[in-house]
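**Student:** Can you look at this prediction? I've put the sequence above it.
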Amino acid sequence: MKNFNWGRGAFIIAYQAIFLAVLPFYLYYTPPSLALIIASLVVLTLTSFGIGVYHRHYSHLGYKLNPWIEPLFLFLGTAALEGSVWTWAHDHRMHHRFLDTDDDPYTVNKGFWHAHILWILEKSKGYDFPKYVPDLLKSKLLMFQHRHYLTLAFLSTVIIFLVVGSLTGEYLGAFVLAWWGRLFALHHLTGVVNSLAHYWGERTYSKEQSAVDNYLLAFFTTGEGYHNYHHTFPADYRNGIRWYHFDPNKWLIWTLSKLGLARGLRRHTTYVIQRKLLFADQQLFLTVLAGKALARKQELEARVQTLSLSLQEKLQRIKTLADERRAAFATRRKQLSRELHEVKRNMRKEWRQWYKLGRSILHTRATE
């Protein structure tokens, strides 16, 4: 108990225990209206966007907010009761820097529940703001939020409670659902990104780390479930990079940029992403082959190396041609477009060979 944070820890345990005890009685004796349920879900989503700004804007500098809109999202993030931007970004940057080590504040190496919530109940080892968030220290707005965080957090949640209560006419319900229930849900949704998103899913881009991509988690966490991509390319303002990926934070940032309310959106090119995928697959295939006793091992290893090198060369060629085409005049641009199309067509054939080779390696028995 000597490492227990009595201030923060007691609050987290008490509010959740009381909420779970009170909720059944509230639902039985004063069931909420549909309007209150919708309002509470809207507030949950908005404050989740606030934490998204904590994450992608402040922690990773994936984009920049217009100064006129920044206070609104800072209000929403403050109302999430997850700490000031300075403390949140400090812990998160340490998480990325020391991922899967004991210096990671919410490392999964200490277990699922430690990463999910127990780390919050421990005493902090202290904050070295000049080392981890020197850029954020320059903001007077963030300094004000940090110094007056408890007051601002209380006021922001009271404002939300009063707004929801006045709109629905259900002040008790607004307190139980839009205040208590929202915090309960939001804190655990943030927790699953630290815990479940390091356990359950696919290591698409980086095989060596615990972070995984999980489409189901992305749905419930406004796009934060594509966690392996995020840990591989943390500065990218997107987590879900495909058009069909559910990533509301990405859509919000893109929309804000079109309205002139955000700028400097950082994203990795298809070339960089495909190279990373290729290297991750190559490492996996060679590691699997090294652990198998196969008569064809050397042949398969040579095939992996040869095909990987060919794909790397084509990826580089595509990048070069695309750059040249952008700078070329109309006649030369048509010629480069034809050449680019041909290289892409040949590369698609080799990708199919690569996937087929990978399946054969991963599913080949060690005795064959």
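**Tutor:** Great, that's in hand.

**Student:** Ramachandran coordinates for the spatially most central residue of the chain?
**Tutor:** In the chain, the residue lying closest to the centroid (Cα atoms, centre = their mean) is Glu224, at 3.6 Å. Note on Glu224: backbone dihedrals following degrees, to the nearest 10 are phi -80, psi 0.

**Student:** Distance of it relative to His231?
**Tutor:** Look at Glu224 and His231: by Cβ to Cβ, to the nearest Å, they are 12 Å apart. C-beta: built from backbone N, CA, C; applies to glycine.

**Student:** ok so, going back, not counting its neighbours along the chain, what's nearest the residue nearest to the centre of the chain?
**Tutor:** With Cβ to Cβ, 6 or more residues apart in numbering as the criterion, Glu224 has its nearest non-adjacent residue at 4.8 Å, and that residue is Val193.

**Student:** Helix or strand: which one has Tyr331?
**Tutor:** Just to correct that, residue 331 is Thr rather than Tyr. Per DSSP states H and E: Thr331 is located in helix 330-363.

**Student:** Show me what that helix packs onto, helices and strands only.
**Tutor:** In this structure, helix 330-363 makes packing contacts with helix 270-290, helix 297-327, judged by 3 or more Cβ pairs under 8 Å, 6 or more residues apart in numbering; DSSP states H and E.

**Student:** ok so Lys292 is a helix residue?
**Tutor:** No. Under DSSP: H, G, I helix; E, B strand; the rest coil, Lys292 falls outside any helix and is assigned coil.

**Student:** and the gap between it and Phe144?
**Tutor:** 60 Å.

**Student:** Tell me how many other residues crowd Leu118.
**Tutor:** By the measure other Cβ atoms under 10 Å, the count of residues near Leu118 is 17.

**Student:** Assign a three-state SS to Arg267, would you?
**Tutor:** Quick answer, by three-state DSSP: Arg267 is coil.

**Student:** Can you give the contact residues for stretch 12-19?
**Tutor:** For stretch 12-19, contacts defined as Cβ atoms under 8 Å, 6 or more residues apart in numbering pick out Ile117, Ile120, Leu121, Val176, Trp180, Gly181, Leu183, Phe184, His187.

**Student:** residues in contact with Phe11?
**Tutor:** Not one residue lies near Phe11 by Cβ under 8 Å, 6+ apart.

**Student:** for it, helix, strand, or coil?
**Tutor:** Under three-state DSSP, Phe11 comes out as helix.

**Student:** got a pLDDT number for it?
**Tutor:** Phe11 carries a pLDDT value of 88.

**Student:** do Arg352 as well
**Tutor:** pLDDT, Arg352: 88.

**Student:** ok, now which ones touch Ser249?
**Tutor:** Just so we're on the same page, residue 249 is Asn rather than Ser. Applying Cβ under 8 Å, 6+ apart to Asn249 gives the contacts Phe49, Gly52, His55, Arg56, Thr222, Gly223, Glu224, Asn239.

**Student:** same thing with Val343?
**Tutor:** So Val343 contacts Lys314, Arg317, Ile318, Leu321 (Cβ under 8 Å, 6+ apart).

**Student:** Kindly report the same for Leu196.
**Tutor:** Phe112, His116, Asn214, Leu217.

**Student:** Taking the contacts of stretch 12-19, tell me the two that lie furthest apart.
**Tutor:** Leu121 and Val176 (24.0 Å; Cβ to Cβ).

**Student:** Same drill for the two, tell me which one is more crowded.
**Tutor:** Each of Leu121 and Val176 has its neighbours counted (other Cβ under 10 Å); Val176 has more, 22 against 17.

**Student:** I'd assumed Tyr26 was in contact with that one.
**Tutor:** Yes. Using Cβ atoms under 8 Å, Val176 makes contact with Tyr26 at a distance of 4.9 Å.

**Student:** quick one: the helix holding Thr331 to helix 270-290, angle?
**Tutor:** 20 degrees (axes from the mean of the first three to the mean of the last three Cα atoms, to 10 degrees).

**Student:** Helix 330-363 vs helix 297-327, what angle?
**Tutor:** 160 degrees.

**Student:** ok so, going back, mind putting the contacts of Asn249 in CSV, secondary structure and pLDDT included?
**Tutor:** Below are the contacts of Asn249 laid out as CSV (DSSP: H, G, I helix; E, B strand; the rest coil; pLDDT from 0 to 100):
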residue, secondary structure, pLDDT
Phe49, helix, 97
Gly52, helix, 96
His55, helix, 96
Arg56, helix, 96
Thr222, coil, 93
Gly223, coil, 93
Glu224, coil, 94
Asn239, coil, 94
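
**Student:** Of the residues you listed, grab the buried ones for ChimeraX.
**Tutor:** Remark: buried members of the contacts of Asn249, expressed as a ChimeraX selection using 16 or more other Cβ atoms under 10 Å:
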select :49,52,55,56,222,223,224,239
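
**Student:** closest to Asn346 among the contacts of Asn249?
**Tutor:** Within the contacts of Asn249, proximity to Asn346 (Cβ to Cβ) peaks at Asn239, which comes in at 31.4 Å.

**Student:** Now Asp128: closest residue in space that isn't a chain neighbour?
**Tutor:** With Cβ to Cβ, 6+ apart as the criterion, Asp128 has its nearest non-adjacent residue at 7.5 Å, and that residue is His90.
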